[in-house]
Structure formats: structure tokens, C-alpha cells
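Chemist: Sequence first, then the predicted structure:
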Amino acid sequence: DWVCGRGGVAVPVRRDSADAAALVGHLNLIHPNRIQVLGRRELAYIDGYSGDGAGQVIANLFAAEPAAIILTDGVAAPAALLRSAEARSVPVLATASAADAVIDTLRRYLAKVLADSTSMHGVFMDVLGMGVLITGESGVGKSELALELISRGRGLVADDVVEISRIAAKTLEGRCPPVLKDFLEVRGLGVLNIRTIFGETAVRPKMNLKLIVHLEKPGRAGAAPTARLPLHELTEDILGVSIRKIIIPVAAGRNLAVLLEAAVRNYILQLRGIDSTQEFIDRQQGEMKRDG
């Protein structure tokens, strides 16, 4: 319920620091939160002062220019607090929910809404439960590969433009812009509605980005030759998070869908501590030592 302070309806909630906890929390006059949550304990603290003391606490509360004040546990605010909120156009909201539940819910919500974000060109897919971003220059076959993966039971998240947000220190979440949702553009076929053609299970609303698969035409000017046996992992930095990157050369007759799925399966094994390349190297070195 909206108690008072409707004049502050347009007050923005900005992320003033990298700490999401600073956005919302219990009454804190030393390090004030952008959204102050007042429950039974906080109001009991204010009521513990008499006369000018309580008025000074309320003045300190509004001196920090909070974006909003939320009354929890179904408590009623002191009249002096409501008068100050109305005078300063600070929204005061009330709920019967517990303070801890309100803070936890708002922190998760605000962390997502105010997260650092960027847009990338490519096709974002759910492949074997892993978020995979398919990149490459225009005309390399990203959409055709995505269509084949969808026909093999994989899910489409976004085509052409992928909105990526850092929802945690090491977690990137990819979504599709609303105007492009469910659509996949394939050269020669036009724009396809994947949900309509393949059904509900062929699309995903979001996925965490775990792997980048870059399609590269061999012999492209300025491109480094692709290693036949890559010994070093490639990564790409997105919003300060390092994402594993795999380069797949594109050539006539190569089944890219099978190669991409194999790359995903191999990466899943690597996350579990099983590295086929290192296993081969160790076996080769063992044979060399035995023969020597």
C-alpha cells in the first residue's frame, strides 16, 4: 500500500555503488540505504527517543535523501515521519510482509534491473543445458546452424541481438530484446517464428552465458591460422567476466551442429575435471618415457 509521498513517484533508484546491499536494507543512519526498510525493531528504536531525540533521528533519516521508505510487518509509522515524508515527497509504502523477506526480494530484483549490461551480435542458444553464444561475421552461417540445432531439440534464446547482463560477480545472463522474441532470420527463408513452427520447447526466455563458439571462415584476411590441436584455452572478456571461447573453422561438408554439440560436451567434461587433450598428452609422454 502507498501510505504517503506520492509526489516522489518519479524519484529514480540509482546504483550509487557496486554493492547491491547498499540499495535496500534496515535503518542505517551511518551508511544509509537508498531504500530504507522500517520494521518493528526500527520503529521501536525511534520510539525509544523522546521529544527532540526522535525528531533528530527522523531528520537524519531524511537527510540521506532516501528513494523510498518501506514499512514492514504491518506497523504504523509515527506521524512525524509521515509529515516529513510528505513534505520532502519521499514515497512511504507499507506491507504486512516481514522485513527480511522484503529486503531479500528487493535486493535480488534491483541487482538484476540495475546490473551492468551490454548487447552483442550473434545467436544465443541453449545447448545441452548450457548457454552458448554463436558468433561470427555476417553470412558465415550462424542462423542456419541455430536452425539445425533447434531441429535437434535445442532451444533458441535470441537471434541477431543478445542482451547480456552481469547479474552476479561471475555470472552473465543473456536475454532476447522483446521485439525479436521467438524470431530467427535465415537467409533465403526470411524471418521464422520458432515458437510457432517448433513449439514451446524450442525457445528459452533466458540462459546464463557459459561458452562462446566463434565460426570463422578459413583463409580470411588478417585471421590467425586455427590450431589443429589447441593447447591453450581461449577466453573473451564480457563485462569483466572471462567466458570460454572456441573457434570452429567453417568449410563445405562440415557438420557444424555435431561439432558444436561435441564442443559443448567436451567443455562440460572439462568443468568436471576431465580434459581429453591433456589426457592424450600425458599418455604420449608416458609412452615416450617408457621407450626412452
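Modeler: Cool, got the structure. Numbers count the residues shown, from 1 in each chain.

Chemist: Do a quick rundown of the helices in the stretch 1-150 of the chain.
Modeler: Listed in chain order, the helices of the stretch 1-150 of the chain (DSSP state H, counting those that start in this stretch) span residues 40-47, 52-63, 79-88, 99-113, 142-151.

Chemist: For R34, find the nearest of those helices.
Modeler: Of all these, helix 99-113 sits nearest to R34, with 8.6 Å by C-beta to C-beta. No exception for glycine: its C-beta is placed from N, CA and C like everyone else's.

Chemist: Can you mark which positions in the closest one are buried?
Modeler: 99, 102-103, 106-107, 110-111 (16 or more other C-beta atoms under 10 Å).

Chemist: returning to what we had before: out of the helices of the stretch 1-150 of the chain, deepest packed?
Modeler: Greatest average neighbour count among the helices of the stretch 1-150 of the chain goes to helix 142-151 (a mean of 21), per mean count of other C-beta atoms under 10 Å.

Chemist: export the helix or strand that it is followed by as CSV, just CAs?
Modeler: Next helix or strand after helix 142-151 toward the C-terminus (DSSP states H and E): strand 155-168. Extracted in CSV, the C-alpha atoms of strand 155-168 (Å, rounded to 0.1, in the frame of the first residue of the first chain):
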residue,chain,number,x,y,z
GLY,A,155,16.5,-24.1,-27.6
LEU,A,156,16.7,-20.6,-29.1
VAL,A,157,17.1,-17.6,-26.7
ALA,A,158,17.9,-14.8,-29.1
ASP,A,159,18.9,-14.2,-32.7
ASP,A,160,20.9,-11.2,-34.0
VAL,A,161,21.0,-9.1,-30.9
VAL,A,162,21.6,-10.6,-27.4
GLU,A,163,21.2,-8.5,-24.3
ILE,A,164,23.7,-9.6,-21.7
SER,A,165,23.6,-8.6,-18.0
ARG,A,166,26.1,-9.3,-15.2
ILE,A,167,23.7,-10.5,-12.5
ALA,A,168,26.5,-11.7,-10.2
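
Chemist: Average pLDDT for strand 155-168, rounded please.
Modeler: Averaging pLDDT along strand 155-168 gives 94.

Chemist: Now do the strands in the stretch 101-250 of the chain.
Modeler: Remark: strands assigned in the stretch 101-250 of the chain by DSSP state E, counting those that start in this stretch are 117-127, 130-135, 155-168, 171-175, 183-186, 190-193, 206-216, 234-238, 241-249.

Chemist: Give me whichever of these is most buried.
Modeler: When the strands of the stretch 101-250 of the chain are compared using mean count of other C-beta under 10 Å, strand 130-135 is most buried, at a mean of 24.

Chemist: between it and helix 142-151, how big is the angle?
Modeler: 150 degrees (axes from the mean of the first three to the mean of the last three C-alpha atoms, to 10 degrees).

Chemist: Against which helices or strands is strand 130-135 packed?
Modeler: strand 117-127, helix 142-151, strand 206-216, helix 256-271 (3 or more C-beta pairs under 8 Å, 6 or more residues apart in numbering; DSSP states H and E).

Chemist: List of residues touching the last one?
Modeler: To tie it back to what came earlier, the one meant is helix 256-271. 127-128, 130, 132, 134, 141, 145, 148-149, 152, 210-211, 213, 215, 244, 246, 248, 250, 275-276 (C-beta atoms under 8 Å, 6 or more residues apart in numbering).

Chemist: cutoff 6 Å now
Modeler: Residues from elsewhere that reach helix 256-271 (C-beta atoms under 6 Å, 6 or more residues apart in numbering): 127-128, 130, 145, 148-149, 211, 213, 246, 248.

Chemist: how far does stretch 194-206 stretch from start to finish?
Modeler: This stretch, stretch 194-206, spans 15 Å end to end (C-alpha to C-alpha, to the nearest Å).

Chemist: Surely R34 is in contact with A68?
Modeler: No - using C-beta atoms under 6 Å, R34 and A68 do not qualify as a contacting pair, with a distance of 8.1 Å.

Chemist: what's the closest of the strands of the stretch 101-250 of the chain to A44?
Modeler: Nearest to A44 among the strands of the stretch 101-250 of the chain is strand 155-168; the distance by C-beta to C-beta comes to 34.7 Å.

Chemist: so what secondary structure elements neighbour the closest one?
Modeler: Using 3 or more C-beta pairs under 6 Å, 6 or more residues apart in numbering; DSSP states H and E, the elements in contact with strand 155-168 are strand 117-127, strand 171-175.

Chemist: got TSV for the ones you listed, with mean pLDDT and distance to S89 too?
Modeler: TSV is the format used below for the helices and strands packed on strand 155-168 (pLDDT from 0 to 100; distance: least, C-beta to C-beta, whole Å):
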stretch	mean pLDDT	distance to S89
strand 117-127	96	30
strand 171-175	95	34
